[in-house]
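Engineer: Return atomic coordinates for the entry below.
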Amino acid sequence: MALYLGVMSGTSLDGIDIALIDQEDTHTRLLGTHYLPMPADLRTDLLALCSPGPDELVRAALAEQHWVRLAAQGIDDLLRQQRIQPTQIRAIGSHGQTVRHHPAQGVTIQIGNAALLAECTGISVVSDFRRRDLAAGGQGAPLVPAFHQALFADDNSQRAILNIGGFSNLTLIEPGKQVYGFDCGPGNVLLDAWIQHQQGLEFDRGGDWAASGQVQPILLKTLLGDPFFLTQGPKSTGRELFNMRWLSQQLAKLPAMMPEDVQATLLELTATSIFDALQAAQDRTDELLVCGGGAHNRTLMKRLAELLPATRVASTEAYGISPDWIEAMAFAWLAHCCLEGIPANRPSVTGARGPRILGAIYPA
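Structural biologist: Numbering: from 1, shown residues only. Now for the predicted structure:
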């Protein structure tokens, strides 16, 4: 038995996911999970770091200490629940929290102080997975497609794995071909930002508010006119591009509209950008398996099924893996790959010059 922990907090900034896996050769088994909601003050600090501001270096150092101590508490809670000692864990794979991602400039920044996490937990930590791929000319993201391939490859069907977190990304798996993947655009990030701005809610549960509105075609066309949607992969994106400032700029070009209609249009933007990207990249998709928080958005899942009538659209739950834990599992798996000397990026996904071993190791 080889036990690893994966720690992931994504662009939605809703909380920290922790997954415990057993990695035996090529087989990954999920043993336990734990979720920690993001404290409001930490969320505010992390969100502020996504944009330029004063004294960023010190603010980032303080925020990552807060993040690490929260993650360490969650790890302790999970190990207690599972009756496992820290010494039984081979390594923690920690994604950290992305605060900047500018791959065209060779910049990606994930804060998470792996040295402090190792000190707090007594467990070796593997972190900083993205920068080696970036150094090799890649986008540094998405990194999860290799794990998607390990979990869901099938010799008899063409599959796409769709992760809908703050942003959406696709992994395309076809028999006899290299895995391919890229970011499609905003997933939940604009939907969350708009309902927070209008109603003070963290997210649109089930997509119910979006379902109450009407899609505005002119606004949708304006949003889809962003150059990001016109480029082909490898590509990745983040809050640096798609944020409330960007949305406000697009809305300012058009007459005022009902808030629920804006929400409906933002959901259609997510669905349409996924559909367009999938149609351009894969000639036939037998199954679209959805993970991430977006898998719980009933309205979005229904819309994807309508856009893809010849494709089985389902949550990864259909294959026995909760959609909420796949990314945390992936970073546990990436830690395993690093310690075993296994290249874990996919040049066909990120555009890197070749396969690379990802991650920096901080021994316990």
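Engineer: alpha carbons only for contacts and neighbour counts from here, please
Structural biologist: OK.
Engineer: what about the strands in the chain?
Structural biologist: 3-8, 15-24, 27-37, 89-94, 97-102, 107-111, 125-127, 159-164, 167-173, 180-186, 287-291, 312-315, 360-362 (DSSP state E).
Engineer: May I have the strands that pair with the last one, each with its orientation?
Structural biologist: Yep, that's strand 360-362 we're talking about. strand 125-127 (antiparallel) (DSSP bridges).
Engineer: pLDDT of the strand it pairs with, averaged?
Structural biologist: For strand 125-127, mean pLDDT is 98.
Engineer: Can you give me the buried ones in it?
Structural biologist: Within strand 125-127, the residues that count as buried by 16 or more other C-alpha atoms under 10 Å are 125, 126, 127.
Engineer: how about a markdown table for those residues, with distance to residue 300 added?
Structural biologist: Listed next are those as a markdown table, based on distance: C-alpha to C-alpha, whole Å:
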| residue | distance to residue 300 |
| --- | --- |
| 125 | 36 |
| 126 | 35 |
| 127 | 33 |
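Engineer: now the strands of the chain as TSV including distance to residue 149?
Structural biologist: Listed next are those as TSV, based on distance: least, C-alpha to C-alpha, whole Å:
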stretch	distance to residue 149
strand 3-8	18
strand 15-24	15
strand 27-37	12
strand 89-94	19
strand 97-102	24
strand 107-111	24
strand 125-127	21
strand 159-164	9
strand 167-173	7
strand 180-186	10
strand 287-291	12
strand 312-315	16
strand 360-362	23
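Engineer: mind checking pLDDT for residue 176?
Structural biologist: Residue 176 is given a pLDDT of 88.
Engineer: how far away is it from residue 131?
Structural biologist: 29 Å (C-alpha to C-alpha, to the nearest Å).
Engineer: which of the two has more neighbours?
Structural biologist: residue 131 (23 against 7; other C-alpha atoms under 10 Å).
Engineer: Correct me if wrong: residue 260 contacts residue 210.
Structural biologist: Yes - between residue 260 and residue 210 there is a contact under C-alpha atoms under 8 Å: 6.0 Å.
Engineer: ok, which stretches of the protein are helices?
Structural biologist: 40-48, 56-82, 114-121, 130-135, 145-152, 189-199, 208-211, 217-224, 244-251, 259-281, 298-307, 326-340, 347-350 (DSSP state H).
Engineer: which residues are in contact with the third one?
Structural biologist: For helix 114-121, the surrounding residues in contact (C-alpha atoms under 8 Å, 6 or more residues apart in numbering) are 65, 68-69, 71-72, 75-76, 86, 94, 124-127, 362-364.
Engineer: repeat that for 6 Å
Structural biologist: 68, 124, 125, 364 (C-alpha atoms under 6 Å, 6 or more residues apart in numbering).
Engineer: And for the fifth one?
Structural biologist: The contact list for helix 145-152 (C-alpha under 6 Å, 6+ apart) reads 171, 330.
Engineer: between that helix and strand 180-186, how many degrees?
Structural biologist: Interaxial angle, helix 145-152 versus strand 180-186 (axes from the mean of the first three to the mean of the last three C-alpha atoms, to 10 degrees): 110 degrees.
Engineer: how many neighbours does residue 304 have?
Structural biologist: Neighbour tally, residue 304, other C-alpha under 10 Å: 22.
Engineer: I misspoke; the intended subject was residue 266.
Structural biologist: The number of residues packed near residue 266 is 27, by other C-alpha under 10 Å.
Engineer: State the distance from it to residue 115.
Structural biologist: Distance, residue 266 to residue 115, using C-alpha to C-alpha: 40 Å.
Engineer: And for residue 268?
Structural biologist: On the measure of C-alpha to C-alpha, residue 268 and residue 115 end up 42 Å apart.
Engineer: sorry, back to before: ok, and the most crowded of the contacts of helix 114-121?
Structural biologist: In those, the most neighbours by other C-alpha under 10 Å go to residue 125, 29 neighbours.
Engineer: so who does that one touch?
Structural biologist: Contacts of residue 125 (C-alpha under 6 Å, 6+ apart): 91, 92, 118, 361, 362.
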